[in-house]
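>>> predicted model and sequence follow; I will ask about them next.
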Amino acid sequence: MTIPKPKPAVWAILAVALALRVGAALYLGPEVQGLSGAFDEVTYSELGRRFATGHGLTFAENWYPWIQADAPQSYFSFAMSGSLGVFYWLFGYQPLMARLLMALMSTGVVAMTYVVGRRFFSERTATLAALVAAVHAYLIFYGAALVTETPFTFFLLAAIYAADRLRAEPSPRLWWGLGAAVVCAVHLRMAVVFFVPFLLWWATAAQPARRRAWAVVPVVALVVSVLPFTWWNYKTWGYPLVLQSQFGHVFWNGNHPGHQGDFHPYRVFDIPPEVLALDNDALITNRLLELGVKRIQEDPGDFARLALTRLRELFVFWPTASSSADANALRVLSVGILAPFTLAGVLMGTPHWRRLAPMYLFLATHVGIHAATWAMVRYRVPLDPFFALFASSAMLALKDRVANPRARVDPKTALASTIHT
């Protein structure tokens, strides 16, 4: 698919973004420690190292939450751990080099923020949003961590861009591009599958009926890409399991009565011995899902309280006692400063909801899934490019208002000059 060429200012922003992310990669270094909520990088890197040395996607020792040493597992992302495995097989066990590659892809996220912004908003909104994304502390840090957020966000933005292009200029090439982006996004973060139908609906809604059949292309591409993993899971466990066996465990743990109505992302609970005795990823996750649903049916009020506190964890922008002084400062100086502008942009953009539908739909599905299951700051990172766009749009609308204070402003059209219709 054709992507517009950035202007010189945007190239400068991308250079800054790359420099900051390379700096973060060098700071984190060759050791894989899983700092500040990025512990999953230890898991993915270890799986990748084992894969590169011919042991498959297994662990050399017993691993959380129930995985035995040298045993098959379907709990963790095949896409992320397998990608690292291929990288380590080609270049040796070089986590720092992998971090630098992630830094490059994270710079690509900044570029895609600009591309999507120029498509949906305006040139100046897109440029400001790219600058915000370039210096955003969380996008920088997780851009150098070996976790799924960066590649997932990149392919998500690419999918939304392709879907919008399809509305204006439908072509088989764009449908295949959308299919490729959706496939990569789903394999990196399976929960996005709940958003995919909305995106496909939006991409086809404005097209003549005879062209809507092309929507089958990304659907078929996704099904074909998933089938080998589903078949492997069935052969291994004897029961259907589409991709991963995380959901039941996460759902059960996130709604455990031990939280006492106040969710904390680092509070985990022991799995009942009789469930672990099943010794089968598919059976364990299905049983835990049943227990989680039963718990909600017994105490829906506790589920509501936990959902609200999960939202707190997802959108925290204030200093907390559990964070270091540096972490608190970075949080306030990035998310904290943007928060009021982001909220204003999201609210002021609602009159244009048809144009901005993919962003609102992804916001609703992503937040809803994590409000119901598990939440931590890292899971908000895929939303940050969209928040940068909304915040930038609101900032520019405010700038226009200050520059022309006597102009009458209709709240329904306050962002009209910053949104490409």
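On my side now, so go ahead. Numbering: from 1, shown residues only.

>>> give the contact list for S106.
Contact partners of S106, counting by C-beta atoms under 8 Å, 6 or more residues apart in numbering, are A17, R21, L139, I140, Y142, G143, A144, T150. Using the backbone N, CA and C atoms, a C-beta is placed for each residue, glycine as well.

>>> quick one: contacts for the first one?
For A17, the residues meeting the contact criterion (C-beta under 8 Å, 6+ apart) are S106, T107, V110, A130, A133, A134, V135.

>>> next one: the helix or strand hosting N253 to chain centre, how far?
Counting by DSSP states H and E, the element that carries N253 is helix 247-254. Between the centre of helix 247-254 and the centre of its chain there are 18 Å (C-alpha atoms, centre = their mean, to the nearest Å).

>>> how about the CA coordinates for the next helix or strand after that helix, as PDB?
With elements assigned by DSSP H and E, the helix or strand that comes after helix 247-254 is helix 273-276. Provided in PDB are the C-alpha atoms of helix 273-276 (Å, rounded to 0.1, in the frame of the first residue of the first chain):
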ATOM      1  CA  PRO A 273      -4.500 -28.100  43.000                       C
ATOM      2  CA  GLU A 274      -7.400 -30.000  41.500                       C
ATOM      3  CA  VAL A 275      -7.300 -27.700  38.400                       C
ATOM      4  CA  LEU A 276      -3.500 -28.000  38.100                       C
END
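
>>> show me what counts as buried in the helix or strand just after helix 273-276.
Later in the chain than helix 273-276, the nearest helix or strand by DSSP H and E is helix 281-298. Within helix 281-298, the residues that count as buried by 16 or more other C-beta atoms under 10 Å are 281-289, 291-292, 295-296.

>>> now the element after helix 281-298, going C-ward?
Next element after helix 281-298 (DSSP H and E): helix 300-315.

>>> quick one: the top helix by length along the chain to chain centroid distance?
Longest helix in the chain, counting residues (DSSP state H): helix 95-120. Here helix 95-120 shows a centroid-to-chain-centroid distance of 13 Å under the convention C-alpha atoms, centre = their mean.

>>> can you give me the buried ones in that helix?
For helix 95-120, by 16+ other C-beta under 10 Å, it's 95, 98-103, 106-120.

>>> can you give me the neighbour number for the nearest residue to R167 once chain neighbours are set aside?
Computed as C-beta to C-beta, 6 or more residues apart in numbering, the closest residue to R167 that is not its neighbour in sequence is A206, at 4.7 Å. Around A206 there are 13 other residues, counting by other C-beta atoms under 10 Å.

>>> picking up where we left off before, of all the contacts of S106, which two lie farthest apart?
Greatest spacing in the contacts of S106, by C-beta to C-beta: A17 and Y142 (13.3 Å).

>>> restricted to buried residues, select the contacts of S106 in ChimeraX.
Here is the ChimeraX command that selects the buried residues among the contacts of S106 (16+ other C-beta under 10 Å):
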select :17,21,139,140,142,143,144,150
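
>>> out of the contacts of S106, list just those in helices.
Per DSSP H, the contacts of S106 map to helices at A17, R21, L139, I140, Y142, G143, A144, T150.

>>> against G108, how distant is the second one?
To tie it back to what came earlier, the one meant is R21. Distance, R21 to G108, by C-beta to C-beta, to the nearest Å: 10 Å.

>>> and if you look at W11?
In terms of C-beta to C-beta, W11 sits 14 Å off from G108.

>>> same thing with L356?
As judged by C-beta to C-beta, L356 and G108 stand 22 Å apart.

>>> ok, G238 next?
Applying C-beta to C-beta to G238 and G108 gives a distance of 40 Å.

>>> which secondary structure element of the chain has the lowest mean pLDDT?
Sorting the helices and strands of the chain by mean pLDDT, DSSP states H and E puts helix 325-331 at the bottom, at a mean of 80.

>>> how far off centre is that helix?
22 Å.

>>> that helix - contacts with which helices or strands?
helix 137-144 (3 or more C-beta pairs under 8 Å, 6 or more residues apart in numbering; DSSP states H and E).

>>> against which helices or strands is the helix or strand encompassing L398 packed?
Assigned by DSSP H and E, L398 belongs to helix 384-403. Applying 3+ C-beta pairs under 8 Å, 6+ apart, we find helix 384-403 packed against helix 95-120, helix 123-135, helix 137-144, helix 149-168, helix 337-348, helix 357-372.

>>> give the contact list for the nearest residue to E313 once chain neighbours are set aside.
In this structure, E313 finds its nearest non-sequential neighbour in A375, 4.6 Å apart by C-beta to C-beta, 6+ apart. Counting by C-beta under 8 Å, 6+ apart, A375 touches G254, F263, P265, R310, L311, E313, L314.
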